[in-house]
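Enquirer: Structure, please.
(one chain, ligands or ions: 1)
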Amino acid sequence: MKFKLLFLSFFVLSSSTFFAQQTIDKKVNDLLSKMTLKEKIGQMNQYNGFWNFTGPVPKGGDSKVKYDHLANGWVGSMLNITGVREVREVQKIAVENSRLGIPLIIGFDLIHGYKTVFPIPLAEAASWDLEAIRLSAAMAAKEASAAGINWTFAPMVDITRDARWGRVMEGAGEDPYLGSLVARARVEGFQGKDLGSPFTIAATAKHFAAYGFVEAGKEYNTVDIGLNTLHNIVLPPFKAAADAGIKTFMNSFNDLNGIPATADAYLQRDILKKEWNFDGFVVSDWGSIREMIAHGYAENQKHAGELALLGGSDMDMESSIYIYELEKLIQENKVSEAHIDDAVKRILKVKFELGLIDDPYLYCNEEIEAKIVGSKEIVDATLEVAKKSIVLLKNENEILPLRKKGVKIGLIGPLAADKSSPLGNWRIRADNNTAISVLEGLKNYKGNDLSYTQGVKLINKIPEGFHEEVQINTTDKTGFDEAIALAKKVEVVVMVLGEHGFQSGEGRSRSKIDLPGFQQELLEKVAAVNPNIVLVLMNGRPLVISWAAEHIPAIVEAWQLGTQSGNAIAQVLYGDYNPSGKLPMSFPRSLGQVPVYYNHKSTGRPGTEGEEPGSVFWSHYTDEENSPLYPFGFGLSYTTFEYSAFNLSATEMTKNTSIEASIVVKNTGKVKGKEVVQLYIQDPYASATRPVKELKGFKVIELEAGESQKVTFNLKEKDLAFYNAKQKWEAEPGTFHVFIGTDSKVKQKLTFELK
Ligand code: GLC
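Expert: Numbers count the residues shown, from 1 in each chain. Coordinates of the predicted model:
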């Protein structure tokens, strides 16, 4: 009886979803059948906010033209319009003036928070806590949707191995497995279980594809990678987002193997829309359709429009090419109305699913906005996520956690009292200087004698564009003397160094990735008078900190943690939260190693095995080690963990069987702690060369002091599949090694055969 009930409820549920989809498809087709060609093209046209919609209507110029397009129903979406009042105004123009009254979908870069800011995505990835990441996205969606937003241009799921690239802060680091799970968690957080709810929003997988592989980490640079890297490293997080039901994709500025992604039919049509059966829509990145002229791929704007549409780009962000060129391209038979119908149906479908067609003002409730934006629930959530994102890199002589009473502490550094940089780069709607600083966080602990000085001054630039930019000065060392004097007088120095909030992010690639300005010199001068230093790093990318790694007893990677940054850092420094983060991206010993990453290939000369001592004929540098300073998956705790009883339930696997890999983890320290237990595999011989390790599982466990836990992983054939030399995604029979440990350096392995 129970089974019948179960089956019946499953049938009803799936059929109701099926019928709901049928209903939407019918509604879409009905609406499409009423639209003129120009109205259809209008849906494919997206403008950036071009005036304050609560202000007077533009009288002339480009804004007047765009206003008229809005009123004619020739705009399908706007971005960077926020606040219920403004969104309502712009929606009214589109809905109440145009013939069919099709509402706009309102997009925004909700990358890590709206007005209340969460840790940068790279920091959140360091938590390895998928529930925390889902919560972060859900809270951000709740706050932004209350302000009228119903579409975010996130998650950015670009895998990257190059810390010179400014946008590493926006993704989940170097690994496709972790990146895939983070992508899914963010999609589920943003879109929730009911996209029709006014508190959930459509998400975007971006940037499709391979933007993270820009040559030399230089922003907007060219990308040339093989199919092996594209399919095994770059695409998996996008596929995970598509499988999670994401509603939109955004393409990328770069050309990929000679074809700009915006016009790449192999990516956008063959893989995304055909092979993955994606039924949402693709928006171009800002101006990327027009940029195909600069790429040397399109002859002119009309040609760019033709290439983009045929290449699978459904909506034109800020090129104004579709709206002016597509009718001509139809008349010249360069594109067909079927191409346009396909794009428009995809766009309308998302608008129906968001509930916008039935209620264009669904996201426009000023009371809800007042209640939710900046609410305690969301501010509290940022602290939970921030604490979990912190990575303890070094803690010699247990200098950490700090004692809570009777300690003279000197707080030094340009970022120590900075309330701006912890907000990171994508903080468009956050008010300036609204992060809790480290100084403010530490002041909540009253038992110690805390003194502060900047050491290296911050320069507060005049507010530009969306946000004020501060800079770490590179000319003035006048703060050194006071810093050194303070360091001489105290027991412990907490130094907060790193990058200001706009030294990473879009347009912020750096050719050097050490501590900017005089910070390194300040660190060395302070260390010379007081070696008891806790270095707190605030940065948007892995930095070269080899000197610190050798000379500084405690190092805490605190990234840019958002609104509650200082409280999260203080709670970790004082041990109220035992750090549990693990690096999602390797830290290089020197810039020359970049790109350095754990899942590298073996090469034909992997090491000194078989070579006579002193041989130079193997894959290495003559002046640097091969290993990173801190590897992927690395992070310490205030306690210690011991791994034992590593076991495989079998030494053979077939297509239809699985193997249980297990290990016992014991908390061998004095305090409760979390550990991210990581499982890696190696496929030592295959039809294409394979990485020396691949992350294929992890579990975050929490153990009391002295407690042990058996951790198990269930390995199946699908976990062993890869894009092989036959250009198929499949597992190949043969030997596989399994590793389980605390980070990607783990050595102990067990072996099984896939039959
Ligand atoms: C930017 C970024 C993209 C963002 C878009 C809208 O240039 O590349 O990630 O979503 O424009 O702001």
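Enquirer: does Thr82 really touch Ala147, like I thought?
Expert: Yes - here Thr82 reaches Ala147: they are 5.2 Å apart, a contact under CB atoms under 8 Å. Every residue, glycine included, has its C-beta placed from N, CA and C.
Enquirer: more crowded one of the two?
Expert: Set side by side, Thr82 and Ala147 give different neighbour counts by other CB atoms under 10 Å, the larger being at Ala147 (26 against 22).
Enquirer: how close does that one sit to Asn656?
Expert: Between Ala147 and Asn656 the distance is 51 Å, computed by CB to CB, to the nearest Å.
Enquirer: Get me the contact residues on the stretch 451-600 of the chain for the ligand.
Expert: Where proximity means CB under 6 Å from any ligand atom, the interface of the stretch 451-600 of the chain facing the ligand comprises Glu506.
Enquirer: which residue sits closest to the residue of the stretch 451-600 of the chain found nearest the ligand, ignoring its sequence neighbours?
Expert: Using CB to the nearest ligand atom, the point where the stretch 451-600 of the chain gets nearest to the ligand is Glu506, with a distance of 5.5 Å. What sits nearest to Glu506 in space, not counting adjacent residues and going by CB to CB, 6 or more residues apart in numbering, is Arg167, at 5.8 Å.
Enquirer: and the one you found, that one's in a helix?
Expert: Yes - using DSSP: H, G, I helix; E, B strand; the rest coil, the assignment for Arg167 is a helix.
Enquirer: Give me the neighbour count for Thr475.
Expert: Neighbour count of Thr475, defined by other CB under 10 Å: 9.
Enquirer: What helix or strand is it located in?
Expert: Taking DSSP states H and E as the definition, Thr475 sits outside all helices and strands.
Enquirer: same check, this time on Glu96
Expert: Secondary structure here is read from DSSP H and E; on that basis Glu96 sits in helix 84-97.
Enquirer: So which other helices or strands are in contact with whichever helix or strand comes after that helix?
Expert: From helix 84-97 onward toward the C-terminus, using DSSP H and E, the following helix or strand is strand 105-108. The criterion is 3 or more CB pairs under 8 Å, 6 or more residues apart in numbering; DSSP states H and E, and the helices and strands that strand 105-108 contacts are strand 77-79, helix 84-97, strand 151-152, helix 337-353.
Enquirer: Single out the most deeply packed of these.
Expert: strand 151-152 (a mean of 26; mean count of other CB atoms under 10 Å).
Enquirer: what sits against the residue nearest the centre of the chain?
Expert: Nearest to the centroid of the C-alpha atoms of the chain, with distances taken as CA atoms, centre = their mean, sits Gly171, at 2.6 Å. Gly171 is in contact with 121-122, 125, 156-160, 179, 212, counting by CB atoms under 8 Å, 6 or more residues apart in numbering.
Enquirer: do you know how far it is from the ligand?
Expert: From Gly171 over to the ligand the distance is 11 Å, taken as CB to the nearest ligand atom, to the nearest Å.
Enquirer: Look up how far Lys206 lies from that residue.
Expert: 10 Å.
Enquirer: Next, show the common contact partners of those two.
Expert: Shared between the contact lists of Gly171 and Lys206 (criterion: CB under 8 Å, 6+ apart) are residues 156-158.
Enquirer: circling back to that earlier point, what about the residue of the stretch 451-600 of the chain closest to the ligand? Give its phi and psi, please.
Expert: Geometry field for Glu506 lists phi and psi as phi -60, psi 130, criterion degrees, to the nearest 10.
Enquirer: so how many other residues sit close to it?
Expert: Applying other CB under 10 Å, we find 19 residues neighbouring Glu506.
Enquirer: Test my guess that it contacts Trp165.
Expert: No - here Glu506 does not reach Trp165: they are 10.0 Å apart, not a contact under CB under 8 Å.
Enquirer: Name the residues contacting each of these two.
Expert: In contact with both Glu506 and Trp165: Glu219, using CB under 8 Å, 6+ apart.
Enquirer: which parts of this structure sit against the ligand?
Expert: Within the chain, the positions adjacent to the ligand are 79, 109, 153, 206, 285-286, 506 by CB under 6 Å from any ligand atom.
Enquirer: Leaving aside the residues adjacent along the chain, what's closest to Arg349?
Expert: No Arg there; residue 349 is Lys. On the basis of CB to CB, 6+ apart, the spatially nearest residue to Lys349 that is not a chain neighbour turns out to be Val28, at 5.3 Å.
Enquirer: May I ask you to confirm that the one you found belongs to a strand?
Expert: No - counting by three-state DSSP, Val28 is not found in a strand; it is helix.
Enquirer: ok, it - contacts?
Expert: 345, 348-349, 352.
Enquirer: Got the phi and psi for the residue nearest to Asn221 when sequence neighbours are not counted?
Expert: Using CB to CB, 6+ apart and skipping the chain neighbours, the partner closest in space to Asn221 is Val214 (4.0 Å). Its backbone dihedrals place Val214 at phi -50, psi 140, with angles given as degrees, to the nearest 10.
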